[in-house]
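Enquirer: next input, structure requested:
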Amino acid sequence: MTDTESIARCSKQPERAQQTRTIRLGAGGSTIEVLAGPAETSGTVSIYRWRMSPSSRGPAPHFHTTFSETFIVEDGEVDYFDGRAWRTLRPGDTTHAAVGDVHALRKERAEPATILMALSPGVPREEYFAQLATVNERDLSRLHEAHDNHFVDDHER
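Expert: This is a model prediction of the structure:
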């Protein structure tokens, strides 16, 4: 099967578009949409859409040991930390954190923002995102460790 055939076959399944799972990230109104998990991409990539509410802040500086992340801003403005400096990302801007690269996102403006996140290889993050909304402070570090989130000194936050 060629890549084109794969795309054509997926596009003939409109019911798949209606099966997007939305995960609420607590009471603040932010959500994660699961667009494609590793099961749909043979483990190649996972794709999520993060709709950040006006009050959403974003994760502190951290890294992953088993996957890379690519971020594409669809709407609003988000600040991105590449391990050295912060820079503002606007709609259409893309940035990438390779495996082991320290990175962070923050949103200081009181307006929503939307980011596409592509994780490679594909990793199932649905349970992690869902548990973030309800985990107590005592279990938070264990949740991060179990899902390959390793936070670093965030003195620059």
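Enquirer: how far away is Ile32 from Ser53?
Expert: 12 Å (CB to CB, to the nearest Å). (Each C-beta comes from the backbone N, C-alpha and C, glycine too.)
Enquirer: the more surrounded of the two?
Expert: Legend: neighbour count by other CB atoms under 10 Å for Ile32 and Ser53, higher for Ile32 (24 against 17).
Enquirer: hmm, the more buried one is touching Thr22, no?
Expert: Yes - distance between Ile32 and Thr22: 7.2 Å, which falls inside the contact criterion (CB atoms under 8 Å).
Enquirer: which SS class is the nearest residue to Ala36 once chain neighbours are set aside?
Expert: In space, Ala36 comes closest to Ile47 once its chain neighbours are excluded; the distance is 4.3 Å by CB to CB, 6 or more residues apart in numbering. Secondary structure, DSSP: H, G, I helix; E, B strand; the rest coil: Ile47 is strand.
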